[in-house]
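S.K.: Coordinates for the following, if possible.
(one chain, ligands or ions: 4)
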Amino acid sequence: MPMEPRILSAHRPVSLVLATLIALGSSLGPAAGPAAAFPSYDSGYHTYEELTSAIRDIEAAHPGLVKVSSIGKSHEGRDLWVAKVSDNVATDEDEPEVLIDGGHHGREHLSVEMALAVLKHLTSTYASSESTRRRVNGTETWILFNLNPDGTTFDGGGSTYRDWRKNRQPNGGTSAIGTDLNRNYGWKWGCCGGSSGSPPSENYRGPRPWSSPEVAALKRFVDGRVIGGRQQIRIHLSFHSFGRVVVWPWAHTGAGVPDADDRAALAAIGNEMARLAGYRGMQSHALYPTDGDQIDWMYGGHRIFSYTVELADRRYPPDEMIATETARAMPAVQYALDYASCPWSAIGRGSVHCPPSWVKRLAGSDRYATAAAISRASFTPGVPVAYVATGTNYPDALAGGAAAARDGAPVLLTQQGSLPSATATELARLKPGRIVVLGGPSVVSEAVRSKLTGYTGGGVSRLYGADRYATAAAISAAGTPRGISVVYVATGTNYPDALAAIPLAARTDSPLLLTQPHSLPYATARELDRIRPGRIVVLGGSAVVSDKVLDRMRVYTAGAVTRIAGEDRYETAAAVAVPFPAGLEATFLATGTAFPDALAGGPAAAKHGVPLLLVTPSSLPPATAGQLRRIKPASLVVLGGLGVVSDEVAAAAARAAR
Ligand code: 3K0
Ligand code: CA
Ligand code: CA
Ligand code: ZN
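M.R.: Ligands and ions are numbered 1, 2, ... in the order given. Coordinates of the predicted model:
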């Protein structure tokens, strides 16, 4: 039973174990003190120790479906156990996730029994029930059994209950113990008279948000479910008791959440869960105002559809009621699992908010990881060459993107002074024949260049000039034959036109040169003079590349100098897509308002022979929609996280493409 010493002794020398135990002192309550029990008439409830072994037994009986871990420790040092339930449970699959928790309030023992009942239900009916299999296999359900094991243990530890709500954290300067965990969340904490600032109060919010180790651990866990810029948890149920109600955000104000569809879907799902359990449903504030509570943070901080479910009709339901009351609420849990993949489908708005499965999003936690994800999705190990450019500006990656597209190679990004781990991991996977660094030592350091030599057998070279124009010219000079049929020229002062041009330039192995809006840089002119292309195509209208500059280029070609242009970057990208045929395997979508997530997209789209269109973070421009309607691609590839291309924009693009 002494959990902590055993874990410590497995990893640390004995003297350190002793020192740690002494340092932790009395906070190691569960290891040191007598095992707590429930009052004898309620022995059907699980003590913390009984709960721990029950969870472990179920995990052992269903190793492929259940994986138990700890999200952290309570104030007194008890592990906060979470069970993940899914098929292939050891793998983080791309499935909608659901979080269920219990035990915020010490005396609400039925909420812990409910969490355990959910685990029992999902595992014990998995083999016999097709609908359980669908729910378990289709989602990744996290069950956090007891957020306040110190409080529940204290409450149940006597011959009668102690009516204890808060955790067991001391408050400096007072003899009052405990923080109300459900007032300690950092969203509108203490804002609105829905909590107390006084330590003796039942609703004491703590000295600051997240001050309780239990709520801080839950925050770390939930924040950690943001992967590739997306919160994986879609629906959250927090079990409490009592009242037989289901409530949803906001709790701190009577106003509904601002987004109309979220507001309607929160209510629709909440009301249906209530109906299924024979409960009442309402916005939390209508029950009574609270602030710093969990569901407001879950929704406000993460846009998770979050519900407090108050079980039963009395404070201390006798243990005979555990089975009936948990069974009564189980249909609400099933409903939540059923709607996790797209909560808005509860109000018939699924196609607006949830892109279909043939829309693939390539995103990482930052620009470097996004570029790596884009590369990983399109390029296979053994590529002849990989290009590496700075991630802090766009010109080098764009001019290099055309060369990469020609070579069937990816562009990856780096910081000036250090190679990001996502880039390193992708290079290790790719094993490129050689590596080309784009830009001089002031943008990609010698240290990074030298580090890159470890990822290829073929050496690392650099291409760069005195400025972005000279760098683009140098990249072109390294691989463009004289007399090539067409050269593309885009502004060097913004990225969208050049980005969209890369897949088109790739069709003729053409280089991409850069120009200033009102004057043709010397390095660009000199490279055009060397190539003497069959014709020159300028990206964008006269506002981005002036007519004067266009005229200056005429001396370098016997053919025409023409524009591909629209009224704005979205129209220009759409015009670039026109030569691509309908019925393509894919079309790429990038944001037209921020370069970092889009930079690596050009060569990847080129690799598939498909165009790259632009969207805003929150809207699908008509010109983009028009090309999607014409091309009708079999799939869409969205570059970057929700912040740069929302699911709503991706879903709108999908509707345009069908
Ligand atoms: O979101 C909520 O409305 C929370 C209600 C919850 C609370 O924290 O006050 N009710 S309880 O304490 O009686 N379980
Ligand atoms: Ca799974
Ligand atoms: Ca997952
Ligand atoms: Zn409660």
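
S.K.: what's the burial count for the residue nearest to residue 359 when sequence neighbours are not counted?
M.R.: Leaving aside its chain neighbours, residue 359 sits nearest to residue 636 (4.6 Å; criterion: Cβ to Cβ, 6 or more residues apart in numbering). The C-beta positions use only the backbone N, C-alpha and C, and glycine is treated the same way. Residue 636: 23 surrounding residues under other Cβ atoms under 10 Å.

S.K.: residue contacts, residue 609?
M.R.: 503, 506, 507, 580, 584 (Cβ atoms under 8 Å, 6 or more residues apart in numbering).

S.K.: For stretch 239-257, measure first residue to last.
M.R.: In stretch 239-257, first residue to last residue: 22 Å (Cα to Cα, to the nearest Å).

S.K.: That stretch and ligand 1 in contact?
M.R.: Yes: for stretch 239-257, a contact with ligand 1 is found by Cβ under 6 Å from any ligand atom, at 240, 247, 251.

S.K.: contacting residues around the residue of the chain found nearest ligand 2?
M.R.: For the chain, the residue closest to ligand 2 is residue 86, as judged by Cβ to the ion, at 3.5 Å. Residues in contact with residue 86 (Cβ under 8 Å, 6+ apart) are 65, 93, 95, 136, 137, 139, 140, 141.

S.K.: Run a quick neighbour tally on the fourth one.
M.R.: Meaning residue 136. 23.

S.K.: near ligand 3, which residues of this protein show up?
M.R.: 92, 140, 232 (Cβ under 5 Å from the ion).

S.K.: now, among those residues, which is nearest to residue 276?
M.R.: residue 140 (22.4 Å; Cβ to Cβ).

S.K.: Now, of the residues of stretch 239-257 next to ligand 1, which are buried?
M.R.: With neighbours counted by 16 or more other Cβ atoms under 10 Å, these contain buried members at 240, 247, 251.

S.K.: center of the chain - which residue?
M.R.: Among the residues of the chain, the one closest to the centroid is residue 230, at 2.1 Å (Cα atoms, centre = their mean).

S.K.: count of residues packed around residue 370?
M.R.: 29.

S.K.: Grab the nearest non-local neighbour of it.
M.R.: residue 364 (4.3 Å).

S.K.: now residue 202
M.R.: residue 165 (5.3 Å).

S.K.: about what we covered before: what's the closest of the contacts of residue 86 to ligand 1?
M.R.: Nearest to ligand 1 among the contacts of residue 86 is residue 141, at 21.0 Å by Cβ to the nearest ligand atom.

S.K.: Can you verify that closest one is assigned to a helix?
M.R.: No: read with DSSP: H, G, I helix; E, B strand; the rest coil, residue 141 is strand and lies in no helix.

S.K.: What count of nearby residues applies to it?
M.R.: Using other Cβ under 10 Å, the number of residues around residue 141 comes to 28.

S.K.: try residue 93
M.R.: 14.

S.K.: doesn't residue 363 make contact with the residue nearest to the centre of the chain?
M.R.: Yes: with contact defined as Cβ atoms under 8 Å, residue 230 counts as touching residue 363 (7.3 Å).

S.K.: Mind listing the shared neighbours of the two?
M.R.: residue 641.

S.K.: follow-up on the earlier one: may I see the buried ones among the residues of stretch 239-257 next to ligand 1 organised as CSV, with secondary structure and pLDDT added?
M.R.: Converted to CSV, those look like this (DSSP: H, G, I helix; E, B strand; the rest coil; pLDDT from 0 to 100):
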residue, secondary structure, pLDDT
240, strand, 98
247, strand, 98
251, coil, 98
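
S.K.: Show me what secondary structure element comes after the helix or strand harbouring residue 473.
M.R.: Assessed by DSSP states H and E, residue 473 sits inside helix 468-477. Using DSSP H and E, the helix or strand that follows helix 468-477 in sequence is strand 486-491.

S.K.: other SSEs contacting that following strand?
M.R.: Contact here means 3 or more Cβ pairs under 8 Å, 6 or more residues apart in numbering; DSSP states H and E; on that basis strand 486-491 packs against helix 496-506, strand 512-515, helix 522-531, strand 535-539.

S.K.: Which of the ones you listed sits closest to residue 172?
M.R.: Closest to residue 172 of those, according to Cβ to Cβ: helix 496-506, at 55.3 Å.

S.K.: how much does the closest one deviate in direction from strand 535-539?
M.R.: Computed with axes from the mean of the first three to the mean of the last three Cα atoms, to 10 degrees, the direction of helix 496-506 lies at 150 degrees from that of strand 535-539.

S.K.: mind listing what's buried in helix 496-506?
M.R.: 496, 497, 498, 499, 500, 501, 502, 503, 504, 505, 506.

S.K.: Distance from it to the middle of the chain?
M.R.: With Cα atoms, centre = their mean, to the nearest Å as the basis, helix 496-506 stands 28 Å off its chain's centre.

S.K.: which helices and strands sit right next to it?
M.R.: Against helix 496-506 (3+ Cβ pairs under 8 Å, 6+ apart) you get helix 395-407, strand 486-491, strand 512-515, strand 535-539, helix 569-577, helix 601-608, strand 612-615.

S.K.: so after the fifth one, what's the next helix or strand?
M.R.: Spelled out, it's helix 569-577. Scanning forward in sequence from helix 569-577 by DSSP H and E, the next helix or strand is strand 587-591.

S.K.: That next one pairs with which strands, and in what direction?
M.R.: Strand 587-591 has its sheet partners listed here by DSSP bridges as strand 612-615 (parallel), strand 636-639 (parallel).

S.K.: okay, among the contacts of residue 609, which ones form the most distant pair?
M.R.: Farthest pair in these, by Cβ to Cβ: 506 and 584, 14.0 Å.

S.K.: can you give me the end-to-end distance of stretch 603-620?
M.R.: End-to-end for stretch 603-620, by Cα to Cα: 23 Å.

S.K.: hang on, I meant stretch 357-369
M.R.: 22 Å.

S.K.: What residues of it count as buried?
M.R.: Buried residues in stretch 357-369, counting neighbours by 16+ other Cβ under 10 Å, are found at 359, 361, 362, 363, 364, 366, 367, 368, 369.

S.K.: who touches the residue of the chain most remote from its centre in this structure?
M.R.: For the chain, the residue at maximal distance from the C-alpha centroid (Cα atoms, centre = their mean) is residue 558, at 51.5 Å. Residue 558 makes contact with 532, 534, according to Cβ under 8 Å, 6+ apart.

S.K.: Counting neighbours, what do you get for residue 184?
M.R.: Neighbours around residue 184, by other Cβ under 10 Å: 32.

S.K.: Residue 238 contacts residue 293, doesn't it?
M.R.: No: judged on Cβ under 8 Å, residue 238 makes no contact with residue 293 at a distance of 9.1 Å.

S.K.: Which neighbours do the two have in common?
M.R.: Contact criterion Cβ under 8 Å, 6+ apart; residues bridging residue 238 and residue 293 by contacting each: residue 308.

S.K.: between the two, who's got more neighbours?
M.R.: Neighbour comparison, residue 238 and residue 293: the larger count goes to residue 293, with 32 against 26 (by other Cβ under 10 Å).

S.K.: right, and that one touches residue 181 too?
M.R.: No: assessed by Cβ under 8 Å, residue 293 is found out of contact with residue 181, at 9.3 Å.

S.K.: remind me which residues of this protein are low pLDDT?
M.R.: 1-36 (pLDDT under 70).

S.K.: near ligand 2, which residues of this structure show up?
M.R.: 86, 87, 88, 93.

S.K.: Identify the residue spatially nearest to residue 565, adjacent ones excluded.
M.R.: Of all residues not flanking residue 565 in the chain, residue 541 sits nearest, at 4.2 Å (Cβ to Cβ, 6+ apart).

S.K.: An error on my part: the question was meant for residue 634.
M.R.: Looking at residue 634 with Cβ to Cβ, 6+ apart, the closest residue is residue 585, at 5.2 Å.

S.K.: Then residue 418?
M.R.: Closest to residue 418 by Cβ to Cβ, 6+ apart is residue 448, at 6.7 Å.

S.K.: just residue 600 next, same as before
M.R.: Residue 600 sits nearest to residue 371 (Cβ to Cβ, 6+ apart), 3.7 Å away.
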